[in-house]
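In: can you look at this prediction? I've put the sequence above it.
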Amino acid sequence: MAPRSSLAAHCMKHDELAREIAATAFPDVRITSVLARTGKSVLLCGKTMTRRVVVKVLTSDDPVWRQRFASEISFYRNAGVESPPVCVPQLLGVSGDGTAMLLEHVSGDPLSASRHRSHRVAGRRLDLCLESLSALACWRPSWLGSADENFSDKLVMKAEDQAARGALTSADVAAMVKLIGRVGSKRQLAHGDMIPTNCLFHGNRVFLVDWEHAGLHLPTCDHALLWVVLHHRRDRQAIAASAQAARGPRAAAFAVNRLLLIAREIRIHQEASELASAASVLRSLGQGLASLRVEIRKLL
């Protein structure tokens, strides 16, 4: 683990780079603070003469993340032409080299302030979020392309990789192969990264943000990720009901999605063992995986 001083210096360097890129791309914007940062991008808060804005800056040279960033810009542009059935921030501008985007600032509270949550989500917020995800899954915009013909094979490869890393077993992979066969070719538009911090509540409106993973996925993809990261039994029951995955191909898809995603989260937290919350999250994820395996045995 890197010393805290080195980590702080690294973050400061990325923040400075992001501010420089934002100042060059959008000279009329006065940057006021850093909202968030990851290893690939920095989210800046700023102001123009008339409104608050957000500048998202790509700080990674990785071709994969450059493609994701371009996909997110494309989604926002398309959403401006053909409005989605969910609330999304308005795209206000893009830098010439495509490494920065200017977005409407959305003031709101996230579904949860952390990626994983053990306590039940209060009020109707989870229901409102699930309603948005279901509406999105039914949307068929004219610009939506066709699904990757090798999509199922890639899912199996992901499962095999997780098994090689110890997050899944060979029996898990074999079960997933059978379940994928039941899903068939059905795909749906999904946000693709529906963690609680990407669902913001502003009054009675629900805004979904961070669309870099949006595209055609197995049905119930977004519901499955929420099921994985929201650990309370009642929340998971509500998510499963909203996914309409009691039986048939949707049940198979819901199981496949959850198996892959819970394995990913287990690996992430194993590799981040220095985090204070890692041990408790891993225990909860392990319990979730055990219950999911019971479900899968019943499906098979």
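Out: Looks like it came in fine. Please read all numbers here as calculations on a predicted model, not as lab measurements.
In: which residue ranges of the stretch 151-300 of the chain form helices?
Out: Applying DSSP state H, counting those that start in this stretch to the stretch 151-300 of the chain gives helices spanning 151-164, 170-183, 221-229, 233-243, 248-271, 278-299.
In: so residue 18 touches residue 42, yeah?
Out: Yes - with contact defined as Cβ atoms under 8 Å, residue 18 reaches residue 42; the gap is 3.6 Å. Glycine gets a C-beta too; all of them are placed from N, C-alpha and C.
In: from residue 160, how far out is residue 295?
Out: According to Cβ to Cβ, to the nearest Å, residue 295 stands 21 Å off from residue 160.
In: contact partners for the residue nearest the centre of the chain?
Out: Centroid-nearest residue in the chain: residue 193, 1.2 Å away (criterion: Cα atoms, centre = their mean). When contacts are counted by Cβ atoms under 8 Å, 6 or more residues apart in numbering, residue 193 touches 210, 212, 213, 225.
In: give me every residue that touches the first one.
Out: Spelled out, that is residue 210. So residue 210 contacts 72, 193, 198 (Cβ under 8 Å, 6+ apart).
In: once you drop chain neighbours, what's closest to the first one?
Out: Excluding the flanking residues, the one nearest residue 72 by Cβ to Cβ, 6 or more residues apart in numbering is residue 212, at 4.1 Å.
In: what about the one you found, neighbour count?
Out: 21 (other Cβ atoms under 10 Å).
In: would you put the C-alpha positions of stretch 89-103 in CSV?
Out: Extracted in CSV, the C-alpha atoms of stretch 89-103 (Å, rounded to 0.1, in the frame of the first residue of the first chain):
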residue,chain,number,x,y,z
PRO,A,89,-27.8,15.9,-16.7
GLN,A,90,-27.8,18.1,-19.8
LEU,A,91,-24.5,18.1,-21.8
LEU,A,92,-23.4,21.7,-22.3
GLY,A,93,-20.1,21.3,-24.1
VAL,A,94,-17.2,19.0,-25.0
SER,A,95,-13.5,19.9,-25.4
GLY,A,96,-12.0,19.8,-28.8
ASP,A,97,-9.9,16.7,-28.0
GLY,A,98,-12.8,14.9,-26.3
THR,A,99,-11.1,14.7,-22.9
ALA,A,100,-13.5,17.0,-21.0
MET,A,101,-17.2,17.5,-20.9
LEU,A,102,-19.3,20.3,-19.4
LEU,A,103,-22.5,19.2,-17.7
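In: can you give me the buried ones in it?
Out: Across stretch 89-103, burial judged by 16 or more other Cβ atoms under 10 Å covers 89, 91, 92, 94, 95, 99, 100, 101, 102, 103.
In: determine which two of those are furthest apart.
Out: Across the buried residues of stretch 89-103, the longest distance by Cβ to Cβ is 18.2 Å; it joins 89 and 99.
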